[in-house]
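J.: sharing a sequence plus its predicted fold:
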Amino acid sequence: MKKKWPEPTLNPQKMERLCSALGCHPATAAVLINRNYSDPETAKRFVDADLSGLHSPFAMKDMDVAVKRIHQALIKNEKILIFGDYDADGVSATVILHQFFARTGARVAYHIPHRFKEGYGLGRQHIEDIAIAQKINLIITVDCGSSSHRAIEAANENGIDVIVTDHHQIEKRPNAVAVVNPNRSDCTAGFEDFAGVGVAFCLLICLRKYLRDLNFWRHGQEPNLKEATDLVALGTMADAVDLTIENRRLVKSGLEIIRTGRRPGIFALMEACGIKDGAISAEDVAFKLIPRINAAGRMAHADIAAALLSTEHLDEAIKLARNLSDLNVARQAAEAEIMAEIDAFLHRNPETLEKPVLVLARSGWHEGVLGIVASRLMQQYFCPVVMLAVTNGVGKGSARSVPGVNIYECLNQCADLLVRFGGHAAAAGLTIKAEQIEPLRLNLEKVVSTALAGEEPVPSLPIDYELDFDAISDGLIDEIETLEPFGKGNPQPLFMSKNIQIISAKTIAVKHRRLTLKQIGSQNQKIIVAIHFNAGVDGVDTRSYERIAYRLQWNRYNGRKTPQLVIEAVE
């Protein structure tokens, strides 16, 4: 796929100022400037971000109401139900709240719905089958609830109070006791980019303070919330929310806790991934731990992941971690099977790729992996993608989109064709009757075409800095690591080098290549090892490249670390 290679343009004075103030490499200064941290003080706060600088969550709408209602439940010994979601964000949030309330001595239970049997969110059936049956007095939702109007009305009718904690887009507030959602139109607290677990964590910060002021902890030790940031980091990174400012503080703290190995479930999961001695990076969390946690809800039941993150016993954690690894293998197999089917379909019907949006629907597809497949297709063809698994006349699935096309708004314009939908600009979930899928396809083509305004989306390489091989050093890679965690809003730095010669190349797993490279004309003739994933699409037969775009990182293996380039594109 053709990509734009914009040359990085940087202000020399700003770079020199940052290099002088921080004592950093020009490449590091360039990365900070490109993320709008050109002022030395601002840049230092970004690098050193810690929990002490977290904004006060008391400013969030309904936070005070929620805290007071929970306190009432605690002192009256009411039965509390934490109602979560089946992804890593919802599972992490559920466990954080459940463990905190257990520390208070509360009568608390949690329920995470089965993805396929119950679906997303709090429903009327949960009020009837769980809350009423178990004589629940207070329900607290995490990572869901903003659209659960009918369920909350049913709870109200039966004398059950509901507190919603959520982060999803909210059109109309449900009639709950409190709706703690930073995306409320009347909430200006500054936590709009929080994941569901971040909102739940804010609730605990405020609740702990409220209980402290009332001398609630006089007979016991007050919970250490920093120790719970490992789960906040997992859920936040899993939900692909903005990793700057507040989220950066939470995730950075959480990574420190994860590396201590103090939570048996996370320690066992690291062991299952082959990560030893706490040598875990943010990338490891994103691409090794989180997929395994998500595999529970995708392939079986998220309760398995919740049990792993909750257990205090290492033996149990090891068994659960192995279970999740097995489920992750099954997830990968299901994903590969669907991708192969789609590749064959697109090969037979190439005209499908001429449309502005890719809408694919089949019976028999595994619903739990459709979001992942949609993301892969979106990246491969750089267009919005809607994937639907059809069962008994109903299609359920996921949508993913490219920058510039708000898929939530596009679906909103087709709302009359949908049973329900929800999400945000880049990703959404939807349910539709089978007979409405073709009308949806036609409508989305018009809506997306309008959003694109006649311009074909072309991926652009956000190159931070042109780097000579001679300038690559251990110190530079260490500096780059201080900018972690990487993600939305703070992408992993992308560098460019020109006039690259291939010294050797080895094919790995059919489509990847391991390379040793040097830069023609460089003074030191430094040899650098590189990995090029999916190299088959980028001219693997050539012996040299005019330029390469790559990530620079440590390759950690068997207790050793060596510099490595991860190639993103070549020309």
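T.: Done, it's in. Numbering: from 1, shown residues only.

J.: these two touch, right, Gly261 and Leu269?
T.: No: using C-beta atoms under 8 Å, Gly261 is not in contact with Leu269, being 10.4 Å away. Any C-beta I mention is one placed from the backbone N, CA and C, and that applies to glycine too.

J.: and the two? which has more neighbours close in?
T.: Per other C-beta atoms under 10 Å, whichever of Gly261 and Leu269 has more neighbours is Leu269, with 30 against 17.

J.: which residues does the more buried one contact?
T.: Counting by C-beta atoms under 8 Å, 6 or more residues apart in numbering, Leu269 makes contact with 289, 292-293, 308, 317, 321, 324.

J.: go on, Ala569?
T.: Ala569 neighbours (C-beta under 8 Å, 6+ apart): 3, 5, 461, 538, 548-549.

J.: repeat that for Arg218.
T.: Neighbouring residues of Arg218 by C-beta under 8 Å, 6+ apart: there are none.

J.: hmm, try it at 10 Å
T.: Taking C-beta atoms under 10 Å, 6 or more residues apart in numbering as the contact definition, Arg218 lies against Arg212.

J.: model confidence score at it, please.
T.: Looking at Arg218, its pLDDT reads 89.

J.: now swap in the one 4 residues further on and tell me
T.: The predicted structure scores Glu222 at 93 on the pLDDT scale.

J.: that one: neighbour count?
T.: 12.

J.: Three-state assignment for it, please.
T.: coil (DSSP: H, G, I helix; E, B strand; the rest coil).

J.: ok, now which ones touch it?
T.: 103, 208, 211-212, 216.

J.: same check on Glu78?
T.: With C-beta under 10 Å, 6+ apart, Glu78 has these contacts: 69-70, 72, 106-108, 135-138, 161.

J.: related to what we said a few turns ago, any idea which of the contacts of Leu269 is the one closest to Asn11?
T.: When these are compared for distance to Asn11 (C-beta to C-beta), Leu289 wins out at 38.5 Å.

J.: the closest one belongs to a strand?
T.: No: under three-state DSSP, Leu289 sits outside any strand and is assigned helix.

J.: thought it was touching Arg263?
T.: No: if you go by C-beta atoms under 10 Å, Leu289 and Arg263 don't touch, sitting 11.4 Å apart.

J.: now for the two: what residues contact both?
T.: Counting by C-beta under 10 Å, 6+ apart, the residues touching both Leu289 and Arg263 are 234, 269.

J.: for this structure, what helix or strand is lowest in average pLDDT?
T.: strand 420-423 (a mean of 84; mean pLDDT, DSSP states H and E).

J.: please name every helix or strand in contact with the following helix or strand past it.
T.: Going down the chain from strand 420-423, the next helix or strand is strand 427-433, by DSSP states H and E. Where contact means 3 or more C-beta pairs under 10 Å, 6 or more residues apart in numbering; DSSP states H and E, strand 427-433 is packed against helix 370-381, strand 385-391, strand 394-400, helix 407-412, strand 420-423, helix 437-452.

J.: can you list the strands that the helix or strand that the last one is followed by pairs with?
T.: What that stands for is helix 437-452. The element immediately downstream of helix 437-452 (helix or strand, assigned by DSSP H and E) is strand 465-466. The pairing partners recorded for strand 465-466 under DSSP bridges are strand 495-508 (parallel).

J.: where do the helices of the stretch 251-400 of the chain begin and end?
T.: 264-272, 282-284, 290-299, 303-310, 314-348, 370-381 (DSSP state H, counting those that start in this stretch).

J.: quick one: average pLDDT of the fourth one?
T.: In this case it means helix 303-310. Rounded mean pLDDT across helix 303-310 is 98.

J.: what's the answer for the shortest one, then?
T.: Per-residue confidence for helix 282-284 averages out to 89 on the pLDDT scale.

J.: which other helices and strands does it contact?
T.: Where contact means 3+ C-beta pairs under 10 Å, 6+ apart, helix 282-284 is packed against helix 229-238, helix 246-260, strand 544-557.

J.: quick one, the longest one and helix 264-272 angle?
T.: So the one you mean is helix 246-260. 70 degrees (axes from the mean of the first three to the mean of the last three C-alpha atoms, to 10 degrees).

J.: list the buried residues in the helix or strand hosting Ile152.
T.: Under the criterion of DSSP H and E, Ile152 resides in helix 149-157. Neighbour-count burial for helix 149-157 flags 151-156 (criterion: 16 or more other C-beta atoms under 10 Å).

J.: please tabulate those in a markdown table, including the columns pLDDT and distance to Gly23.
T.: Output for these, formatted as a markdown table (pLDDT from 0 to 100; distance: C-beta to C-beta, whole Å):
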| residue | pLDDT | distance to Gly23 |
| --- | --- | --- |
| Ala151 | 97 | 56 |
| Ile152 | 98 | 54 |
| Glu153 | 98 | 60 |
| Ala154 | 98 | 61 |
| Ala155 | 98 | 57 |
| Asn156 | 98 | 59 |
